[in-house]
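**Q** mind looking at a prediction? Sequence and model below.
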Amino acid sequence: MLRRQAARESAARTYARALPIVPVRARGLTIEGADGRRYLDCLSGAGTLALGHNHPVVLEAIRKVLDSGAPLHVLDLATPVKDAFTTELFRTLPPGLADRARVQFCGPAGTDAVEAAFKLVRAATGRSGMLAFTGAYHGMTAGALEASGGAGDVRVARLPYPQDYRCPFGVGGERGAELAARWTESVLDDAKSGVPSPAGMILEPVQGEGGVIPAPDGWLRRMREITAARSIPLIADEVQTGVGRTGRFWAVEHSGVVPDVMVLSKAIGGSLPLAVVVYRDDLDVWQPGAHAGTFRGNQLAMAAGTATLAYVRQNGLAERAATLGARMLAHLRGLTEEFACVGDVRGRGLMIGIELVNPEAALPSGATGPHPPAPSIATAVQRECLRRGLIVELGGRHAGVVRLLPPLTLTDEQADAVLDRLTDAIASAATAAARGPGAVRHEAAVNPGRAPGG
């Protein structure tokens, strides 16, 4: 199957290259491959599987719709399934937004919701430009890519996203966040900045693909103040951070910020494709058909999403993610003392990143700061994890960050197993890296090993 996939599918495939497995069964945290190996899945569909694979409440919700004889495709018509989803979604929203919100069902991917959000604020403000941040990732369609960190031709003004480890101003902490906020104010208020008044600002409360970088709460509040004072709609991209992932139901709640627009996908569909834009009612200036999509009425996804949202809310899984995530982060931060190649550990809730660096690389004369990123070591860690039955993702500016996105149903015992396997993988990759650039590749070739049971 892997050979046929390589022969038939596009060269654009990604996960299949780093994770050469063929899943045939899955439950909770565990995936079983066609070869009988079992893996602990800390990728979770890139954050889609809030409750893990095939959670009973999700399966029951899907079966209920299938057994009811309800139509599975209804465009944007009202249905009991949609009404239940919208009601549960509004129950979870930040109160300042839920009180006066509208929801637009988009095509089934988060990137389409981003495109819809851009169209919305452009229609509402009569302006066209957008503000976005370095390191951002908002999707793969044209407009979403323009607002992402890897944009080519740019119609979006790029602003500095604050971070401690690789601060763009070289200072980090509160001072670095303050400088980033001042830069934003200067760009908007300087008549010669080259940035006309924009239609909106889009940001991620935690940058995921950018390397798992949480926005400082004070800086996020400043962005809210800056945009509100200038009548610029603030768009929060909660595609990956939403539904309890970061320790609050929505990541903006950490800072007490209420955005004008929220872009939601991934976990809100309970493992099935679904995306929506939620926004303030005074922005709802669209004419009928201004943004549509044939598959914006996915009944199975709405049923699965309702079950997921309710389960996370009723069982306090956001709070659980905060507690367990803090314990995992504390353990992983200890690795910075043990392994020189572990440069930084950061995250929020069960959205965790470990940045691998090259400790042997010399810094420029007189320079201080972190060592250069080491994507080769990160790749080796991912490969060593897979050999030990653990699936992890890579991200960051240079693909040098190992990312963990386990389901919110993760138990203490499972968390310990994940940490043990990851620590062992880092130790193996670090030892091989110390022997030279080719050591890890050689070891993987001569000793592929078997993944242990999950």
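**A** Yep, it's here.
**Q** what segments of the stretch 51-200 of the chain are helices?
**A** 56-68, 80-92, 95-98, 110-125, 142-146, 173-189 (DSSP state H, counting those that start in this stretch).
**Q** quick one: list the elements packing against the shortest one.
**A** In other words, helix 95-98. Applying 3 or more C-beta pairs under 8 Å, 6 or more residues apart in numbering; DSSP states H and E, one finds that helix 95-98 contacts no other helix or strand. Backbone N, C-alpha and C define where each C-beta goes, glycine included.
**Q** check the longest one too.
**A** Helices and strands touching helix 173-189, as assessed by 3+ C-beta pairs under 8 Å, 6+ apart, comprise strand 156-159, helix 217-229.
**Q** from Ala18, how far off is Val278?
**A** Using C-beta to C-beta, to the nearest Å, Val278 is found at 33 Å from Ala18.
**Q** between those two, who's got more neighbours?
**A** Val278 (25 against 16; other C-beta atoms under 10 Å).
**Q** for the more buried one, give its distance to Ser193.
**A** 31 Å.
**Q** average model confidence for the longest helix anywhere in the chain?
**A** Looking across the chain with DSSP state H, the single longest helix is helix 412-435. Per-residue pLDDT over helix 412-435 has a mean of 95.
**Q** from the chain's centre, how far out does it sit?
**A** Mean-position distance between helix 412-435 and its chain equals 23 Å (C-alpha atoms, centre = their mean, to the nearest Å).
**Q** and the contacts of that helix?
**A** Contact partners of helix 412-435, identified using C-beta atoms under 8 Å, 6 or more residues apart in numbering, comprise 29, 40, 42, 324, 327-328, 331-332, 335, 339-342, 354, 356, 374, 376-377, 380-381, 383-385, 387-390, 392, 402, 404, 406, 410, 439-440, 443.
**Q** can you select the buried ones among the residues you listed for me in ChimeraX?
**A** A single ChimeraX command selects the buried members of those (16 or more other C-beta atoms under 10 Å):
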select :29,40,42,324,328,331,332,335,339,341,342,354,356,374,376,377,380,381,383,384,385,387,388,389,390,392,402,404,406,410,440,443
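**Q** on that earlier part again, hey, C-alpha coordinates of the longest helix of the chain in CSV?
**A** Presented in CSV, the C-alpha positions along helix 412-435 are these (Å, rounded to 0.1, in the frame of the first residue of the first chain):
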residue,chain,number,x,y,z
ASP,A,412,-1.8,10.1,33.6
GLU,A,413,-0.5,6.7,32.7
GLN,A,414,-0.6,7.4,29.0
ALA,A,415,1.2,10.7,29.6
ASP,A,416,4.0,8.9,31.4
ALA,A,417,4.3,6.5,28.5
VAL,A,418,4.5,9.4,26.0
LEU,A,419,7.1,11.2,28.1
ASP,A,420,9.2,8.0,28.6
ARG,A,421,9.3,7.2,24.9
LEU,A,422,10.0,10.8,23.9
THR,A,423,12.8,11.2,26.4
ASP,A,424,14.3,7.9,25.2
ALA,A,425,14.1,9.1,21.6
ILE,A,426,15.7,12.4,22.4
ALA,A,427,18.5,10.6,24.2
SER,A,428,19.1,8.3,21.2
ALA,A,429,19.1,11.2,18.7
ALA,A,430,21.3,13.3,20.9
THR,A,431,23.9,10.5,21.2
ALA,A,432,23.9,9.9,17.5
ALA,A,433,24.2,13.7,16.8
ALA,A,434,27.2,13.9,19.1
ARG,A,435,28.9,11.2,17.0
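**Q** report the buried residues of it.
**A** For helix 412-435, by 16+ other C-beta under 10 Å, it's 414-415, 417-419, 421-423, 425-426, 428-430, 432-433.
**Q** do stretch 214-227 as well
**A** For stretch 214-227, the neighbour count (16+ other C-beta under 10 Å) marks Pro214, Ala215, Pro216, Trp219, Leu220, Arg222, Met223, Arg224, Ile226, Thr227 as buried.
**Q** quick one: the second one from Ile391, how far?
**A** Ala215 sits 27 Å away from Ile391 when distances are taken as C-beta to C-beta.
**Q** mind checking pLDDT for Gly438?
**A** Looking at Gly438, the pLDDT reads 57.
**Q** after the host helix or strand of Arg346 comes which helix or strand?
**A** Element membership of Arg346, judged by DSSP states H and E, is strand 342-348. Following strand 342-348 in sequence order, the next helix or strand is strand 351-356 (DSSP H and E).
**Q** what helices and strands are in contact with that following strand?
**A** For strand 351-356, the contact count by 3+ C-beta pairs under 8 Å, 6+ apart identifies helix 317-333, strand 342-348, helix 375-387, strand 401-404, helix 412-435 as packing neighbours.
**Q** among the ones you listed, which is nearest Ala142?
**A** When the helices and strands packed on strand 351-356 are compared by C-beta to C-beta, strand 401-404 sits nearest Ala142, at 25.8 Å.
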